[in-house]
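[1] Got a predicted model here, sequence first, then my questions.
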Amino acid sequence: MAIATETAQMLKLATPPLDERSKYLRKLVVRALAGGERGHVGSSMSLIEIMRVLYDDILRYRPDDPKWDGRDRMILSKGHGCIALYIMLADKGFIPLETLDTFCRRDSILGGHPEAGKVPGVEASTGALGHGLSIGVGMALAARIQKRDSKVVVVMGDGEINEGSVWEAAMCAGKHKLSNLTAVIDYNKIQSAGPTREIQDLEPLVDKWRAFNFAPVEVDGHDVEALRQVFGRLPAQQDRPTAIICHTVKGKGISFAENDANWHHKSKISQDVVAKLHAALE
Amino acid sequence: MRQTCLNMVYDLAKRDPRPLFVGSDLSPGLLAEMKKEMPERWYMEGIAEQNLIGMGAGLAKEGFIPYLNTIATFITRRCYEQVAVDLCLHDLPVRLIANGGGMVYAPLGPTHLAIEDIAIMRALPNMTVTAVCDAKEMVRLMNCTLDWPHPIYIRLAKGGDPVVSREDLGFAIGKAIPMRRARSKGSIVLMSTGVMTTNSLAAAEILAKDGIDASVIHFHTIKPLDEATLLDFARDAELVVTVEEGVRIGGFGSAVADCMLEQLGTAMPPIVRLGLPDEFPHNYGLQEDLFDIYGLLPAQIAAAANAAFHREDAVA
């Protein structure tokens, strides 16, 4: 635990300030929160740079042909962070930007957890935690059998990997040496009930993934350039899946919400709160 | 039936590029020929049922038809959320081959008795639930699984089960088969699923000796339920008796009763549902012993039907 905490603190010191694009994307998150008057604030904000780099620089996709066979597959296994995915899909043209305003509304395609059958670009319906990595294993194995060079990226939360199913999937991925599979952990160190080290300590996390025959890599999950470099060098090792442990800050970019479990999810978000969220991003 | 089912996976895989087999921790040498001939379509992934289902979902999303296989209790209870979310919510063509449906594993005790599998599987949207009665019928079912676009639960019986199904009666998923037709529909109608159809046919012979002419309708598919055939026979029946190797709560008999209540209302005939009470079986022995304890042997089915028939007769 001590090692990772020190690493996280070291990385935090070095994290560059949010640039205009990161701020813009966070404003889109606020737009969806305003539309739904609710949402997972902290869980979405910690994901922004991960999703930004994946969609800006790494993943192969066609917004006008979301099921294109040659695409890379990205599963947001921590489905409650879905606003961070929705804004990227809107930003890239999978869905109109205006759709963000309908978040969680009665007839919206954008629910509080993403559904594959409804939202173009969503690969798997998630929300129940600990499902994405196994689905990713199946997809990565299929790509190998079908001789496709598609990458499969599964983004998980730190609380999510409390689930035993994650480790069943990890064992399986390691056994099959699925080098086309990448597990990403949004390690913001705070789950719904409080700090992960108090609720269910994950340390030594790097050693865990290594023990499951992944190639683990640690990175500052808000450092865009560092993320580009790590994602740009996949797989980290040729003969095994990669685990990218992203040290992040829950609620990143919203000063009063950072590292506060109370901002994991908010309902009844008023216009005043929306204004405060916007102000925090100026 | 089990061996036939697995052999059929190999057979289907030879005909079509989509099927592949994923087992948990099954017998050494299982489908060895398939493993040798098509190693990229044969997997044994260990005792990790949640992963088994999720992996199957991922493969199905990419165009495969995964046939997943392990013991019935483990492929239902252990990974119910994965079955619900990964398979049913996505409505994927994954097949769950469930070894030891019902009370096949009698000597192994309640952890291995799949008594509520039908009830919990049929509660899931998009899930198809099947329980064929013998190996010959298994071949017919398996041939239909290539083109069925939804997840399918395939309940297996013990193996070496007597063959009572008939090719000339046809087979389609979701279509019940009248196996014995009484001269008049105004009599007892036995409705059964899985190997309980074998016992129900034998029960009908016993009833015949008592002068009661009963029909036997076999529901190899419990969901979607063939309501048309069900109602065709139930509408004029004096008595409907459902027979299943599982709990009565939410099971096959519940499905039949729901349909009759909704479609026939006050005109519905009396119904007796034979199956397990709301308890875990606590005995061991053989499957037949548990049939005996729960009144599912042919003579017991006949006696229960006969008693109810005469009770109704007296009321009338």
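    Structure's in. What do you need?

[2] When you work out contacts or count neighbours from here on, use the C-alpha atoms and nothing else.
    Noted.

[3] Chain B against chain A: which residues are in contact?
    By CA under 8 Å from any CA of the partner chain, the residues of chain B that approach chain A are B:40, B:45, B:48, B:50-59, B:61-62, B:64, B:82, B:85-86, B:89-90.

[4] ok, and for stretch A:63-73, which residues are buried?
    In terms of neighbour count (16 or more other CA atoms under 10 Å in any protein chain shown), stretch A:63-73 has its buried residues at A:Pro63, A:Lys67, A:Arg71, A:Asp72, A:Arg73.

[5] how about whichever residue of the stretch 101-250 of chain B sits closest to chain A, what does it touch?
    Shortest the stretch 101-250 of chain B-to-chain A distance, computed as CA to the nearest CA: residue-wise this is B:Asn126, at 13.8 Å. Neighbouring residues of B:Asn126 by CA atoms under 8 Å, 6 or more residues apart in numbering or on different chains: B:Cys88, B:Leu89, B:Asp91, B:His150, B:Pro151.

[6] out of the residues you listed, who has the most neighbours?
    B:Pro151 (25 neighbours; other CA atoms under 10 Å in any protein chain shown).

[7] So that residue is in contact with B:Met127, correct?
    Yes. With contact defined as CA atoms under 8 Å, B:Pro151 reaches B:Met127; the gap is 5.3 Å.

[8] Look up the residues that both of these two are in contact with.
    Joint contacts of B:Pro151 and B:Met127 (CA under 8 Å, 6+ apart) are B:Cys88, B:Asp91.

[9] Got a quick ChimeraX command for the buried subset of the residues of chain B next to chain A?
    In ChimeraX, this line selects whichever of the residues of chain B next to chain A come out buried by 16+ other CA under 10 Å:
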select /B:40,45,48,50,51,52,53,54,55,56,57,58,59,61,62,64,82,85,86,89,90
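
[10] Now do the buried residues in stretch A:97-107.
    Buried residues in stretch A:97-107 (16+ other CA under 10 Å): A:Leu97, A:Thr99, A:Leu100, A:Asp101, A:Thr102, A:Phe103, A:Cys104.

[11] Distance across stretch A:265-273, terminal residue to terminal residue?
    Using CA to CA, to the nearest Å, one end of stretch A:265-273 lies 13 Å from the other.

[12] hmm, who's touching stretch A:106-121?
    Residues contacting stretch A:106-121 (CA under 8 Å, 6+ apart): A:39, A:63, A:66-67, A:79-82, A:86, A:89, A:94-95, A:99-100, A:102-105, A:122-127, B:90.

[13] Show me where the chain has its helices.
    Let's take chain A. For chain A, the helices defined by DSSP state H cover A:2-14, A:20-36, A:41-45, A:48-53, A:82-91, A:132-145, A:164-175, A:196-199, A:205-211, A:224-231, A:271-280.

[14] my bad, the chain I had in mind was chain B
    So, for chain B - with DSSP H - the helices run B:2-15, B:32-37, B:49-61, B:72-76, B:80-82, B:117-122, B:135-144, B:196-209, B:227-234, B:252-264, B:287-293, B:298-315.

[15] circling back to that earlier point, tell me the two of the buried residues of stretch A:97-107 that are most distant?
    Taking CA to CA as the measure, the buried residues of stretch A:97-107 span a maximum distance of 14.9 Å, between A:Leu97 and A:Cys104.

[16] ok, back up a step: what's the closest of the buried residues of stretch A:63-73 to B:Leu261?
    Closest to B:Leu261, out of all of the buried residues of stretch A:63-73 and judged by CA to CA, is A:Lys67, at 44.1 Å.

[17] Next up, the contacts around that closest one.
    With CA under 8 Å, 6+ apart, A:Lys67 has these contacts: A:Gly121.

[18] related to what we said a few turns ago, export the contacts of B:Asn126 as JSON lines, with columns for pLDDT.
    Output for those, formatted as JSON lines (pLDDT from 0 to 100):
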{"residue": "B:Cys88", "pLDDT": "98"}
{"residue": "B:Leu89", "pLDDT": "98"}
{"residue": "B:Asp91", "pLDDT": "98"}
{"residue": "B:His150", "pLDDT": "98"}
{"residue": "B:Pro151", "pLDDT": "98"}
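
[19] The residues you listed in strands, which ones?
    Among the contacts of B:Asn126, DSSP state E puts none in strands.

[20] Tally up the residues packed near the residue nearest to A:Glu282 when sequence neighbours are not counted, please.
    Distances taken as CA to CA, 6 or more residues apart in numbering or on different chains place A:Lys23 nearest to A:Glu282, at 8.0 Å, with adjacent residues excluded. For A:Lys23, the neighbour count with other CA under 10 Å is 17.

[21] Pull the number of nearby residues for the nearest residue to B:Gly159 once chain neighbours are set aside.
    Using CA to CA, 6+ apart and skipping the chain neighbours, the partner closest in space to B:Gly159 is B:Met1 (4.8 Å). Using other CA under 10 Å, B:Met1 has 23 neighbouring residues.

[22] ok, B:Met1 touching B:Leu156?
    Yes. Counting by CA under 8 Å, B:Met1 touches B:Leu156, with 6.7 Å between them.

[23] Give me every residue in chain A lying close to chain B.
    Counting by CA under 8 Å from any CA, chain A comes close to chain B at A:116-117, A:124-126, A:128, A:131-139, A:141-143, A:145, A:165, A:168-169, A:172.

[24] at 10 Å what do you get?
    Residues of chain A lying close to chain B (CA under 10 Å from any CA of the partner chain) are A:69, A:115-117, A:123-128, A:130-146, A:164-173, A:175-176.

[25] so B:Ile71 bridges to which residues?
    B:Asn99 (DSSP bridges).

[26] Identify the residues contacting it.
    Each residue near B:Ile71 by CA atoms under 10 Å, 6 or more residues apart in numbering or on different chains is listed here: B:23-26, B:49, B:96-101, B:105, B:112-114, B:155-156.

[27] Tell me how far it lies from B:Leu231.
    34 Å.

[28] low pLDDT regions in the chain?
    By default, I'm working from chain A. Along chain A, the model assigns pLDDT under 70 to residues A:1-13.

[29] sorry, should have said chain B
    Along chain B, segments meeting pLDDT under 70 span B:312-316.

[30] okay, now the domains of it?
    Using automatic domain parsing, the domain ranges for chain B come out as B:2-155, B:167-315.

[31] could you redo those domains as a markdown table and give each row distance to A:Asp56?
    Shown next, in a markdown table, are these (distance: least, CA to CA, whole Å):
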| stretch | distance to A:Asp56 |
| --- | --- |
| domain B:2-155 | 25 |
| domain B:167-315 | 45 |
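
[32] who wins for proximity to B:Ile293 among the helices of chain A?
    Per CA to CA, nearest to B:Ile293 of those: helix A:164-175, 37.9 Å.

[33] Can I get the closest one as CSV, trimmed to CA atoms?
    As requested, the backbone C-alpha atoms of helix A:164-175 are provided in CSV (Å, rounded to 0.1, in the frame of the first residue of the first chain):
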residue,chain,number,x,y,z
GLY,A,164,-14.1,-12.0,-7.8
SER,A,165,-15.3,-12.4,-11.4
VAL,A,166,-12.6,-9.8,-12.4
TRP,A,167,-10.0,-12.2,-11.2
GLU,A,168,-11.6,-15.2,-12.9
ALA,A,169,-11.4,-13.2,-16.1
ALA,A,170,-7.8,-12.1,-15.4
MET,A,171,-6.7,-15.7,-14.9
CYS,A,172,-8.3,-16.7,-18.1
ALA,A,173,-6.7,-13.8,-20.1
GLY,A,174,-3.3,-14.6,-18.7
LYS,A,175,-3.7,-18.3,-19.6
